[in-house]
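J.: Take a look and give me a structure for this.
(one chain, ligands or ions: 1)
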Amino acid sequence: MKGWMSLVFILACLLWLIPTAVHADSVKVQVDNLNVRSGPDLSHSALGKVQKNESYSIVDQKGDWIKINWNNKTGWVADWLVKVKQKETVKSKVDYLRVRSKAGMDGDIQGYLMKDEKVTKLDQQGEWVHIDRSKASGWVHQSYMSTYSEEQPKKTSEAEPSKSLGKVKVATALLNVRSKATSNSSILTQVAKGDSFEYFDEKQGWYKVGLSNNKSGWVAGWLVTKDNSSKTTPQSNTTVSLQYNATNLRSGPSTNHEVLGSSDKGDQLSVISKEGSWYKVSYKDSSAYVAGSIVKENKSSNIKSASASKGNLRGKTIVLDAGHGGFDPGAIGRNGTYEKTLTLQTAQNLKSTLEQNGASVVMTRTNDSYLSLSARTALSNASSGDVFISVHYNSVPATNRATGINTYFYNDSTQTLASNIQSGLINSTGLSDRGIANGNFHILRNNQKPSVLVELGFISDVNEEKTVNSSGFQSKASQGITNGLINYFK
Ligand SMILES: [Zn+2]
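T.: Reported below is the predicted structural model:
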């Protein structure tokens with residue numbers, strides 16, 4: 001909670017603050033002493049200078065001007081004086097490709113990439129490619145559709161309509177439709193809040209939507225909600241339980257088929273049919289195949305079908321707020337963890353888990369940018385959210401010791417929500433239970449949605465800081481909150 005500010009932002013700011021997209025595109029400065037300006041044209045004052053060959057990540061674009069992240073601030077540079085570098089995506093050719101801590105066989109094994117898993121390439125040293133692992137999990141999970149279609153040879157004629165993957169609804173007052181799945185591509189048109197569009201592709205958090213003039217364009221996924229209402233999930237009493245982590249789910253019944261995604265040990269998938277030794281299962285509003293030899297079939301009707309256990313949040317919209325961001329780091333851990341980094345990581349992880357359970361998710365921020373508390377509550381109030389969750393990590397001064405999780409609510413009516421989420425978290429993470437409490441925080445007080453603020457552990461405690469940084473904790477916390485929400489909506 002440390003460092004919370006309550007600057008009053010006018011609503012118009014929302015339009016500028018929220019679309020600062022997270023993407024790996026960057027600019028390389030082409031000249032010396034290039035001015036970084038406070039706004040997107042020459043009339044704005046210079047905030048400072050950047051030098052030739054320096055690289056900065058892009059946060060936005062307007063006309064011929066690019067907004068960059070620069071010394072923990074943002075500023076605008078003229079696009080004709082920089083070179084835009086698109087991120088490069090690479091994929092593994094084999095299953096269980098070792099991911100090492102450094103470039104060389106002596107690097108510790110940190111994890112594995114599965115065949116066809118795609119990741120962002122950051123850098124290369126000799127024969128070793130530095131990949132962005134943190135993004136890999138989220139990216140593979142959310143956007144396999146686009147990579148899949150991207151890789152397919154385009155034999156079909158342009159006239160052939162693509163298959164609609166579902167509908168998205170605009171969740172912000174005015175939304176830019178862009179030519180590519182990045183916030184620095186050109187704006188084709190704008191659409192208004194409440195408008196609903198079929199989408200045909202999904203790529204790194206962006207949706208390719210069909211426009212009325214038979215054209216298509218890309219919209220930012222964090223500014224729309226998924227419209228699940230028209231989708232029906234096949235009902236089945238037969239499910240399979242996965243026996244291994246990172247089990248591949250494929251587009252057809254053999255290992256020659258494209259990997260659509262993966263799922264972990266214990267996950268249950270609803271069976272649509274059996275083809276040879278392969279199961280066709282429900283997967284993400286569509287279907288996928290999993291090898292019969294590596295799953296266990298559950299025929300009992302007592303076992304909840306996957307469509308029920310996985311779709312308990314269907315029709316619900318959850319607004320996720322990653323605390324702090326940008327120049328406001330929040331608390332700083334004993335070993336240097338920034339609260340703002342952890343909160344974003346948790347929110348992104350939680351987003352995936354909620355979506356797997358059928359929920360739509362709106363994020364207040366999706367990258368390391370500053371967002372005022374008023375902007376966060378305004379976004380929540382304007383959204384179709386059923387619940388608002390603000391994610392934080394706790395801290396006490398070095399002279400004190402504290403550990404554990406607590407959940408705050410403001411209105412008495414949200415006490416049940418708080419206690420459901422708190423018990424979900426405690427059951428799932430095993431961290432100590434600090435209980436629920438009334439918290440008079442701006443983000444709860446000015447929120448019209450049932451809202452809670454979770455403090456997911458103390459980064460001022462060396463051990464707990466280590467725990468909460470682990471991916472195991474991150475997914476347990478996500479599952480805990482999700483379970484809490486499922487109980488709350490029951
Ligand atoms: Zn905080």
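
J.: contacts and neighbour counts: CA atoms only from here.
T.: OK.

J.: can you count the residues close to residue 399?
T.: 5 (other Cα atoms under 10 Å).

J.: Torsion angles phi and psi at the residue nearest to residue 381 when sequence neighbours are not counted?
T.: Nearest residue to residue 381 in three dimensions, chain neighbours excluded: residue 448, at 5.6 Å (Cα to Cα, 6 or more residues apart in numbering). Here is the backbone geometry of residue 448 (degrees, to the nearest 10): phi -90, psi -10.

J.: what's the distance between residue 448 and residue 379?
T.: Distance, residue 448 to residue 379, using Cα to Cα, to the nearest Å: 10 Å.

J.: same thing with residue 424?
T.: For residue 424 relative to residue 379 (Cα to Cα), the value is 26 Å.

J.: Number of residues surrounding residue 164?
T.: Neighbours around residue 164, by other Cα under 10 Å: 14.

J.: Check residue 470 too.
T.: Neighbours around residue 470, by other Cα under 10 Å: 10.

J.: surely residue 385 meets residue 320?
T.: No - judged on Cα atoms under 8 Å, residue 385 makes no contact with residue 320 at a distance of 9.5 Å.

J.: need the residues of the stretch 251-400 of the chain near the ion, please.
T.: Within the stretch 251-400 of the chain, the positions near the ion by Cα under 5 Å from the ion are residue 392.

J.: Can you name the residue of the stretch 251-400 of the chain nearest to the ion?
T.: Minimum separation of the stretch 251-400 of the chain from the ion (Cα to the ion) falls at residue 392, amounting to 4.5 Å.

J.: what's near enough to touch that residue?
T.: 1, 322-323, 339, 343, 453-456 (Cα atoms under 8 Å, 6 or more residues apart in numbering).

J.: In strands, which of those residues fall?
T.: Per DSSP state E, strands hold the following members of these: 322, 453-456.

J.: From those residues, pick the one nearest the ion.
T.: So of the ones in strands among the contacts of residue 392, ranked by how close each gets to the ion (Cα to the ion), first place is residue 455, at 7.6 Å.

J.: Now for the closest one, how many residues are close by?
T.: Residue 455, neighbours per other Cα under 10 Å, totals 21.

J.: my guess is it contacts residue 394, does it?
T.: Yes - contact status for residue 455 versus residue 394: in contact at 5.7 Å, counting by Cα under 8 Å.

J.: helix or strand for the residue of the stretch 251-400 of the chain closest to the ion, which one?
T.: strand 387-394 (DSSP states H and E).

J.: and the helix or strand just after that strand, how far out from the chain's middle?
T.: Remark: after strand 387-394, the chain's next helix or strand is strand 405-409, criterion DSSP H and E. Mean C-alpha position of strand 405-409 versus that of the full chain (Cα atoms, centre = their mean, to the nearest Å) differs by 23 Å.

J.: same for the helix or strand just after strand 405-409, what does it pack against?
T.: Using DSSP H and E, the helix or strand that follows strand 405-409 in sequence is helix 415-429. In terms of contacts (3 or more Cα pairs under 8 Å, 6 or more residues apart in numbering; DSSP states H and E), helix 415-429 is packed against strand 405-409, strand 433-438, strand 451-458, helix 471-489.

J.: Got the phi and psi for the residue nearest in space to the middle of the chain?
T.: Nearest residue to the geometric centre of the chain (Cα atoms, centre = their mean): residue 348, 3.6 Å. The phi and psi values for residue 348, taken as degrees, to the nearest 10, are phi -70, psi -40.

J.: Residue 469 too?
T.: Per-residue torsions, residue 469: phi -80, psi -10 (degrees, to the nearest 10).

J.: Show the pLDDT at it.
T.: Residue 469 carries a pLDDT score of 94 in this model.

J.: From the ion, how far off is it?
T.: 16 Å (Cα to the ion, to the nearest Å).

J.: Spatially nearest residue to that residue (excluding sequence neighbours)?
T.: Going by Cα to Cα, 6+ apart, residue 469 has residue 342 as its nearest residue, at 7.2 Å.

J.: Equivalent analysis for residue 360, please.
T.: residue 317 (4.6 Å).

J.: list the contacts for the one you found?
T.: 225, 359-362, 384-387.

J.: As TSV, those with neighbour count and secondary structure would be great.
T.: Output for those, formatted as TSV (neighbours: other Cα atoms under 10 Å; DSSP: H, G, I helix; E, B strand; the rest coil):
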residue	neighbour count	secondary structure
225	24	strand
359	25	coil
360	26	strand
361	27	strand
362	26	strand
384	19	coil
385	22	coil
386	17	coil
387	20	strand
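
J.: Closest to residue 332 out of those residues?
T.: The shortest gap between residue 332 and any of the contacts of residue 317 belongs to residue 362, at 26.4 Å (Cα to Cα).

J.: so the closest one bridges to which residues?
T.: residue 319 (DSSP bridges).

J.: For it, give me its contacts.
T.: Residues in contact with residue 362 (Cα under 8 Å, 6+ apart) are 222-225, 317-320, 383, 385.

J.: Grab the nearest non-local neighbour of the residue of the stretch 251-400 of the chain closest to the ion.
T.: residue 455 (4.7 Å).

J.: what do you get for residue 489?
T.: residue 313 (7.8 Å).

J.: Reduced to three states, what does the one you found come out as?
T.: coil (DSSP: H, G, I helix; E, B strand; the rest coil).

J.: how about residue 278, what does it touch?
T.: Residues in contact with residue 278, defined by Cα under 8 Å, 6+ apart, are 253-254, 289-292.
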